[in-house]
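Asker: Prediction below, plus the sequence it came from.
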Amino acid sequence: QKEVEQNSGPLSVPEGAIASLNCTYSDRGSQSFFWYRQYSGKSPELIMFIYSNGDKEDGRFTAQLNKASQYVSLLIRDSQPSDSATYLCAVNVNNDMRFGAGTRLTVKP
Amino acid sequence: DAEITQSPRHKITETGRQVTLACHQTWNHNNMFWYRQDLGHGLRLIHYSYGVQDTNKGEVSDGYSVSRSNTEDLPLTLESAASSQTSVYFCASSELPSGRRDTQYFGPGTRLTVL
């Protein structure tokens, strides 16, 4: 079992819809959770981090964490074509960052 | 503006050659990291450093080495390049130790091809 798992996609949503990206992790000791966005041919850039159970909102983005279920998600409201990218989930495991393989999101105009 | 740069951006080399990839950051961050990114595997940690003279092995360190002689630079050396090391390499830096309330800033990446 991979330490951090994501559905590789592609996930396709129409413009204006809510995109839901999911991530599960295996280490119950994980304390910190991150979502990065990576455009094709570019480097990852941090969107959000979350440490506590529940929701954390930042503009159109909401991160959700459920430690009991070892599950973290990212919701993108009012999706735009510019949101089309690969989204990487990252989890702190014993002070090492472990990344999922990423979910490719396409937002269709 | 502070930044993190990598060089070269593209490199083609032959099996068995020693290769060094450069990473330079002007954030004055103590923490620096090297990752490789391959299809289906996402980003995997190769080596990291929490300060000058400190280096640590990551998840996929075999065949790689790093040294940290100053705050700004963390060069990555492939001792004897192998075709399995063909990948895109990203350097990153952060202010706080990995996993804490920090942001890792990534360089633009180096695409390495080993023939």
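Answerer: Everything's here; your move.

Asker: which regions of the chain sit below the pLDDT cut-off?
Answerer: Since you didn't name a chain, this refers to chain A. A:1, A:94-95 (pLDDT under 70).

Asker: wrong one, chain B
Answerer: Chain B contains residues with pLDDT under 70 at B:97-102.

Asker: Just want the most central residue of it.
Answerer: Most central in chain B under C-alpha atoms, centre = their mean is residue B:34, positioned 2.6 Å from the mean C-alpha point.

Asker: In this model residue B:20 seems to touch it, though I could be wrong.
Answerer: No - using C-beta atoms under 8 Å, residue B:34 is not in contact with residue B:20, being 11.7 Å away. Any C-beta I mention is one placed from the backbone N, CA and C, and that applies to glycine too.

Asker: Quickly list what's touching both of these two.
Answerer: The contact sets of residue B:34 and residue B:20 overlap at residue B:76 (C-beta atoms under 8 Å, 6 or more residues apart in numbering or on different chains).

Asker: ok, now which ones touch residue A:58?
Answerer: Residue A:58 touches A:47-48, counting by C-beta under 8 Å, 6+ apart.

Asker: related to what we said a few turns ago, state the distance from the residue nearest to the centre of chain B to residue B:70.
Answerer: To residue B:70, residue B:34 is 16 Å away according to C-beta to C-beta, to the nearest Å.

Asker: longest strand of chain A?
Answerer: When chain A is parsed with DSSP state E, its longest strand is strand A:85-93.

Asker: My error: substitute chain B in the last question.
Answerer: Ordering each strand of chain B by length in residues (DSSP E) puts strand B:42-51 first.

Asker: what does chain A have sitting close to chain B?
Answerer: Neighbours of chain B within chain A, by C-beta under 8 Å from any C-beta of the partner chain: A:4, A:8, A:31-32, A:42-46, A:49, A:51, A:88, A:90, A:92, A:95-102.
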